[in-house]
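Q: 3D model of this:
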Amino acid sequence: MTTNIFDGNSRVMACDSRWSISYGPWFFYLDDSGYEKIERYNNVALMFAGDGRKIQEFKDWIASGPADSSSMPAEKGMSVCMVDEATGQVMFEKHQDINSDNVLCAGSGALWAFGCWKDNKCSKQAVKTAIQKDFCSGGEVKYIDFAKPDTNLVPISGAAKLHIDAVTNNILTRGNVMKIQATPTGVPNLPLPKAEGASAANDEQVARAEAAKLAANGQLSATAPCAGMHNEWSDQDRSAFKQALGKMFGWSN
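A: This is a model prediction of the structure:
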């Protein structure tokens, strides 16, 4: 899962770097995969969470430098926070789990991140705290400090840029795994202690193989899950997003 935060007061955007795949009670994950949740284009930063394939669609579309919105992918399946790097102003946001005190948070670690931010007013520390509390967030904290400016994102373009399909494959071939214990309402609780022995190892390998088949058919993908990825976008949302994208691409009205 994930933890994303943007603090409009200090103008710092930060997120974790874990991508995951859920398959039944199995939770496969990989940290520091090289696939960023933050995309930068024309001095605009877009921070995504949600379905990896949907995020990839938008990354590909943005990289193509479209002349208008006619080929824009459908939006459902992701959350987005879009910030003007020069001003630190939010140009557009949708399906954030928290929007309070000029701070936006999305993902399974959002509550812990926001709680930490209220005490420390530091986006990077907020993500670190969420990683300690939320077993579905992890890896290196990636950030952009628009005020300094400073970032630890590495610019990669063209063929060298990692595709979400490669991340999915890496998760299922060499990623870590947890077996999730569900509460009576079906909500994931804490990871079960990992069973040992040949039988447990075989169960894990079978689950990996079955998940890989679904991924090959396009039914599973690496994700950075957030509650908003399951929500619909209204026509008003879509129009506002297109308007913000138009400013980023320099479309004429």
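
Q: Asp31 and Leu46: what is the separation?
A: For Asp31, the distance to Leu46 equals 22 Å [Cβ to Cβ, to the nearest Å]. Every residue, glycine included, has its C-beta placed from N, CA and C.

Q: of the two, which one has the most company?
A: Leu46 (23 against 16; other Cβ atoms under 10 Å).

Q: what lines up beside the helix or strand encompassing the more buried one in the sheet?
A: Element membership for Leu46 (DSSP states H and E) is strand 44-51. Partners of strand 44-51 in the sheet, by DSSP bridges, are strand 38-41 (antiparallel), strand 78-84 (antiparallel), strand 223-224 (antiparallel).

Q: give me whichever of those strands is most buried.
A: strand 223-224 (a mean of 28; mean count of other Cβ atoms under 10 Å).

Q: returning to that earlier point: what's the first helix or strand after the strand holding Leu46?
A: helix 52-63.

Q: in that following helix, what counts as buried?
A: Neighbour-count burial for helix 52-63 flags 52-59, 62 (criterion: 16 or more other Cβ atoms under 10 Å).

Q: could you give the angle of it to strand 44-51?
A: 160 degrees (axes from the mean of the first three to the mean of the last three Cα atoms, to 10 degrees).

Q: list the helices and strands helix 52-63 packs on?
A: Counting contacts by 3 or more Cβ pairs under 8 Å, 6 or more residues apart in numbering; DSSP states H and E, helix 52-63 packs against strand 38-41, strand 44-51, strand 78-84, helix 164-174, strand 223-224.

Q: with distance to Ile144 and mean pLDDT as added columns, please give these in TSV.
A: Formatted as TSV, the helices and strands packed on helix 52-63 follow (distance: least, Cβ to Cβ, whole Å; pLDDT from 0 to 100):
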stretch	distance to Ile144	mean pLDDT
strand 38-41	7	96
strand 44-51	6	97
strand 78-84	8	97
helix 164-174	21	96
strand 223-224	17	94
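
Q: as CSV, those with distance to Asp7 would be great.
A: Output for the helices and strands packed on helix 52-63, formatted as CSV (distance: least, Cβ to Cβ, whole Å):
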stretch, distance to Asp7
strand 38-41, 14
strand 44-51, 12
strand 78-84, 11
helix 164-174, 27
strand 223-224, 19
